[in-house]
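Colleague: Got a sequence here, can you model it:
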Amino acid sequence: MLRRRWLLCTSALLAGLAGCASLEQQDWYNKAHDATSKAVGVAADETVKAAHVASDQASKAYARMQHYLAEKDLLLTFHDASEHSESVVLDVLHKSGVGAKVAPKHPPAAPAQPPVAGTAAAPPPPPATTPLPDQYAGTLGWPLEAGIVSSEFGARWGKMHKGMDIAADVGEPVYAIAPGEVIYAGDGLRGYGNVVILRHDRRRTSLYAHNSALKVKKGDTVAQGTVIALLGSTGHSTGPHVHFEIRDGDVPVNPRSVLPQSKLGELLPQPGEGPQIAYLAWRGL
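Modeller: Down below sits the predicted model:
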């Protein structure tokens, strides 16, 4: 009899414990399900918000482009006022390890001697910057969302125009065409005004000149599409525009040969028909 009662009590206790465990498991499942649902909901909300932001940005860029098309005759007169100094740009590139190597102006310093006992050791060298890829493999974007190409790459005034001039209103955002490192940001390059130079890999760089304001500094790392400056008319300029260059080492590259074509290509006349009007829709507008 006692053994039977003991078995019954034990069975009841085990059943109670099993019931508690089942309830705890069900509670855990409900909490996990709620958390997952909330996470999915938040992600969906963020996706919707991002879509609204992109749509709003596209609408604003389109409206600005209509304004620029209406003012195209004036904007076509906004470009470089004279040729820029090639040597100052090459100096920046060479100091950053891009392009031709320059012989040192002074003999190399003698090798450092080990510290004498009792003296402080030399401070460690600064950390290396973020390594760049040997060759950037991604796509490139336009430096503006909308604007009028007022001067093409190529022969101009009997000399070589090493970039492309794109006219727009003062304050138009200027974007990084690809991820990279800022190797120059300032107004010390003769003729260029406020200028930013980005390095994208071991050889490729891009330059953005005549800006009204700079949004980055030397040493910054930027993502593609980062606002790096605001368009302006500083330096040798006839009006608000960005002088835009792409280089492979020392060699200037025609931006049209490496940038995606506009989606409103019907606005572009055939070669030889005069200045080209570009809707710079690199963000899929």
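Colleague: hey, let's count contacts and neighbours off CA atoms from now on
Modeller: Noted.
Colleague: Could you report the pLDDT at the residue nearest to residue 177 when sequence neighbours are not counted?
Modeller: Excluding the flanking residues, the one nearest residue 177 by CA to CA, 6 or more residues apart in numbering is residue 141, at 4.5 Å. With respect to pLDDT, residue 141 scores 94.
Colleague: distance of residue 141 from residue 36?
Modeller: Taking CA to CA, to the nearest Å as the measure, residue 141 falls 37 Å from residue 36.
Colleague: quick one, which of the two is more surrounded?
Modeller: residue 141 (21 against 12; other CA atoms under 10 Å).
Colleague: That one reaches residue 258, doesn't it?
Modeller: No: in this structure residue 141 lies outside contact range of residue 258 using CA atoms under 8 Å: 9.3 Å.
Colleague: What number of residues are in the vicinity of residue 186?
Modeller: The local packing of residue 186 (other CA under 10 Å) involves 18 other residues.
Colleague: Spit out the contact partners of it.
Modeller: Counting by CA atoms under 8 Å, 6 or more residues apart in numbering, residue 186 touches 193, 194, 195, 196, 214.
Colleague: Name the secondary structure element that contains residue 182.
Modeller: strand 180-186 (DSSP states H and E).
Colleague: Show me what that strand pairs with in its sheet, parallel or antiparallel.
Modeller: strand 194-199 (antiparallel), strand 221-222 (antiparallel) (DSSP bridges).
Colleague: any idea what sits nearest the residue nearest the centre of the chain, other than its immediate chain neighbours?
Modeller: Closest residue to the average C-alpha location of the chain: residue 224 at 2.8 Å, with CA atoms, centre = their mean. Of all residues not flanking residue 224 in the chain, residue 178 sits nearest, at 4.2 Å (CA to CA, 6+ apart).
Colleague: now do residue 187
Modeller: Residue 187 sits nearest to residue 194 (CA to CA, 6+ apart), 4.4 Å away.
Colleague: What of residue 246?
Modeller: Closest to residue 246 by CA to CA, 6+ apart is residue 206, at 4.4 Å.
Colleague: can you give me the helices for this structure?
Modeller: 2-70, 72-75, 86-95 (DSSP state H).
Colleague: These: lowest mean pLDDT?
Modeller: Looking at these, the weakest mean confidence is helix 2-70, a mean of 72.
Colleague: Okay, now the unreliable bits of the stretch 151-285 of the chain?
Modeller: Applying pLDDT under 70 to the stretch 151-285 of the chain flags residues 262-285.
Colleague: and if we set it to 50?
Modeller: In the predicted model of the stretch 151-285 of the chain, residues 263-271, 273, 279, 281-285 satisfy pLDDT under 50.
Colleague: sorry, back to before: distance check, the residue nearest to residue 224 against residue 76.
Modeller: Residue 178 is 27 Å from residue 76, by CA to CA.
Colleague: Between those two, point out the one with more neighbours.
Modeller: More crowded of residue 178 and residue 76, by other CA under 10 Å: residue 178, with 24 against 21.
Colleague: And the pLDDT for residue 123?
Modeller: Residue 123 carries a pLDDT score of 56 in this model.
Colleague: ok, residues contacting stretch 189-196?
Modeller: Outside stretch 189-196, the residues that touch it by CA under 8 Å, 6+ apart are 82-85, 88-89, 182-188, 207-214, 228-229, 233-236.
Colleague: Buried ones among those residues?
Modeller: 83-84, 89, 182-187, 207-214, 228-229, 233-236 (16 or more other CA atoms under 10 Å).
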